[in-house]
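# Any chance you could fold what I've pasted below:
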Amino acid sequence: MTGRVIAAAGPVVRAAALPGVSVGEVVRVGRRGLLGEVIHLDAERVTIQVYEETAGVALDDPVEPTAAPMVAWLGPGLLGATMDGLQRPLDRLAAAGTWLLRPGASGGTGERGIRAAMGEVLDLGRLWDFQPSRRAGEAVVPGDVLGEVAEGQLRHRILVPPDAGAGTLLELRAGPSDVAAEIGLLARHDGTMRPLRLAHAWPIRRPRPVNRHLRADRPLLTGMRVIDMLFPVALGGTAVIPGGFGTGKTVVEQSLARWSNADVVVYVGCGERGNEIAELLATFPDLVDPRTGGPLAGRTVLIANTSNMPVAAREASVQLGMTIAEYFRDQGLHVALLADSMSRWAEALREISGRLEELPGEEGFPAYLASRLAALYERSGHVLPIGSPERRGSVTLVGAVSPPGGDFSEPVTQASLRLAGTFWALDASLAHARHFPAISWTQSYSLYVNALAPSLHAAGGGAWTERRAEALELLARERVLLGIVALVGPDALPIDDRIVLAVAAELRETFLAQHAFDQVDASRPPDVQFALLEAVLAARTGLVRAMEAGAPLDAAVAAPELAELRRAKEWHGPDVVDRLRALASRLAVLRPAQLESPLAGADAPRADAATRDDAPPRADTSGPETAGTAR
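All right, here's what the predicted structure looks like:
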């Protein structure tokens with residue numbers, strides 16, 4: 001039955017004469033068949049959230065139900081794809097002209113309907129060589145692996161869909177096939193038949209089922225020292241990155257996409273500026289994946305719903321990204337879902353809630369903001385998927401938050417803090433001082449420290465927890481002492497406190513600061529990070545011993561070993577860890593004889609001369625590229 005439009009206000013449309021529709025059902029609105037979703041019902045009318053621009057919709061325009069929810073099509077061809085929040089491929093937009101293609105609403109009915117809907121989001125012209133791992137006559141259950149296709153560097157596993165039911169394979173065909181063609185037939189226990197394809201549909205708002213959740217005890221390694229060594233996040237954990245404009249949220253997330261140890265990265269640009277997304281799309285295909293040597297896009301899915309796209313689709317874009325992440329998780333892969341930004345997602349909820357005339361909560365956000373955020377964050381985790389028991393996968397959710405004016409007390413940041421296990425607070429004062437990543441070591445925290453200690457101890461020889469605590473204690477003491485120095489000057493401090501200030505400065509500048517575009521220092525493995533941290537902390541021991549032996553502090557700080565430490569982040573090669581450990585040993589035993597004057601040891605041979613000679617070209621740290629590191 002076809003209904004009719006009786007009211008429209010922006011993305012919210014009300015329709016009458018639609019008996020039998022349900023909340024969450026997809027409908028077509030107007031003569032152009034705009035995609036919408038039923039979000040409210042009463043006795044005489046339904047309220048529809050339209051995911052496209054509603055200009056041109058008129059009273060009495062038709063509204064057609066589809067009897068299906070909003071779905072994502074999941075299968076080979078997702079990796080390397082760029083799509084909008086409704087899974088429409090943006091590369092086809094560039095090829096077709098100005099307007100986006102009309103999206104498919106559901107799986108459709110019959111073979112023709114399924115092919116038509118699937119063909120709007122996946123490439124039906126591409127053939128995949130399916131290699132089955134099961135045979136006809138075998139019993140299977142939802143989540144079992146049917147076989148594989150090669151997709152770039154990844155072996156893409158084809159699964160029995162979670163809603164297919166258990167049964168017996170009547171047939172399973174090997175060889176080239178497109179994503180919509182039938183590759184097999186499942187005889188279910190209830191007597192019905194279910195065709196099997198390389199791709200299947202799944203509602204974006206329904207979490208995919210799992211056998212059970214596992215303990216998050218392995219770190220998501222990012223290559224950034226301030227994160228991996230001080231505020232780590234677990235595979236399957238959650239992290240939030242709040243920060244004002246220009247503090248580097250986008251660069252941090254893009255660094256995570258390139259350098260993290262996730263198998264697949266799903267990047268959601270939710271409400272971000274179009275020029276930033278355009279720059280991302282222009283540069284991403286040229287980035288080299290350090291894990292495989294191939295293009296980074298080969299293990300990345302990009303979802304772009306920019307600020308000039310329909311606002312209602314922003315909320316769907318994050319749900320779509322989570323559904324795609326869960327699909328790869330069920331294959332036994334570790335997935336990083338990067339959402340930039342959750343504030344724009346919440347603003348879309350606020351706008352739609354206002355048009356629905358709902359009672360506003362704090363700062364106009366809907367009262368259900370916290371529960372919507374919680375439902376999304378709960379879909380992350382380290383899990384045992386349904387089906388074959390040997391697979392384990394995870395979805396790690398990293399959400400950027402853009403609090404107005406950098407005010408962390410606003411509702412989206414506070415709601416995220418109650419849900420996230422890791423908090424990376426971006427400090428505007430650090431960004432203005434050109435210290436990147438501008439993650440505040442006084443405001444940030446991680447709740448995964450105890451769970452990840454066994455894994456990170458392997459990189460630190462069992463001493464990671466102690467060194468981390470020592471570094472944070474130094475930074476906390478420095479903050480207190482700097483307040484005193486501002487009043488009375490550094491000379492009024494006792495010698496122990498002056499040593500703390502000197503070592504904390506080395507910790508900030510040598511260890512925490514890291515250039516995202518440096519060819520050597522952009523990412524470091526955990527063993528190199530820990531060795532550098534130990535070298536910095538060894539300087540504290542050496543300075544204390546030198547002071548006890550009567551050496552002047554100024555002479556000790558000017559020691560050649562400390563100058564060598566400041567260049568240690570430039571070292572590269574297979575022996576970096578050994579060289580850093582050797583440097584730490586020398587720093588810990590600074591001798592007064594070496595420190596008779598600030599110039600002592602200046603003519604001695606330098607241990608890092610070979611490194612300076614064979615160092616690769618460094619990125620320009622004074623040009624426009626550096627200025628662009630704060631997005």
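# in this protein, which helix has the most residues?
Secondary structure of the chain per DSSP state H: the longest helix is helix 464-488.
# so for it, what's the average pLDDT?
For helix 464-488, the mean per-residue pLDDT is 95.
# same check, this time on stretch 532-551
In this model, stretch 532-551 carries a mean pLDDT of 93.
# try stretch 245-256
For stretch 245-256, mean pLDDT is 88.
# Skip the chain neighbours and tell me the closest residue to residue 146.
Of all residues not flanking residue 146 in the chain, residue 158 sits nearest, at 4.8 Å (Cβ to Cβ, 6 or more residues apart in numbering). Just so you know, the C-beta spots here come from the backbone N, C-alpha and C atoms, and that holds for glycine as well.
# what's near enough to touch that neighbour?
Counting by Cβ atoms under 8 Å, 6 or more residues apart in numbering, residue 158 touches 75, 76, 130, 145, 146, 147, 148, 149, 183, 198.
# ok, 6 Å please
Applying Cβ atoms under 6 Å, 6 or more residues apart in numbering to residue 158 gives the contacts 146, 147, 198.
# Just grab the bridge partners of it for me.
Beta-bridge partners of residue 158, counted by DSSP bridges, are residue 147.
# Now do it against residue 115, distance only.
Counting by Cβ to Cβ, to the nearest Å, the gap from residue 158 to residue 115 is 18 Å.
# Next: residue 269.
Using Cβ to Cβ, we find residue 269 at a distance of 30 Å from residue 115.
# again, but for residue 588
Relative to residue 115, residue 588 is positioned 69 Å away (Cβ to Cβ).
# Same question for residue 562.
Taking Cβ to Cβ, one finds residue 562 at 68 Å from residue 115.
# Between the two, which has more neighbouring residues?
Per other Cβ atoms under 10 Å, whichever of residue 562 and residue 115 has more neighbours is residue 562, with 21 against 17.
# Please identify the buried residues of the strand or helix carrying residue 184?
Here residue 184 sits within strand 182-188, counting by DSSP states H and E. Neighbour-count burial for strand 182-188 flags 183, 184, 185, 186 (criterion: 16 or more other Cβ atoms under 10 Å).
# could you redo those residues as CSV and give each row distance to residue 122 and pLDDT?
As requested, the buried residues of strand 182-188 are exported to CSV (distance: Cβ to Cβ, whole Å; pLDDT from 0 to 100):
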residue, distance to residue 122, pLDDT
183, 15, 96
184, 18, 95
185, 21, 96
186, 21, 96
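# quick one: the strands in the stretch 101-250 of the chain?
In the stretch 101-250 of the chain, the strands defined using DSSP state E, counting those that start in this stretch lie at 128-132, 139-140, 145-151, 154-159, 167-172, 175-177, 182-188, 193-197, 200-203, 210-213, 238-242.
# chain center to the shortest one: distance?
Read that as strand 139-140. 35 Å (Cα atoms, centre = their mean, to the nearest Å).
# Show me what it pairs with in its sheet, parallel or antiparallel.
strand 167-172 (antiparallel).
# orientation of the partner strand relative to strand 128-132 in degrees?
130 degrees (axes from the mean of the first three to the mean of the last three Cα atoms, to 10 degrees).
# Check which residues of strand 167-172 are buried.
Judged by neighbour count using 16+ other Cβ under 10 Å, the buried positions of strand 167-172 are 167, 169, 172.
# between those residues, which is nearest residue 346?
Using Cβ to Cβ, residue 167 comes nearest to residue 346 of these, at 42.7 Å.
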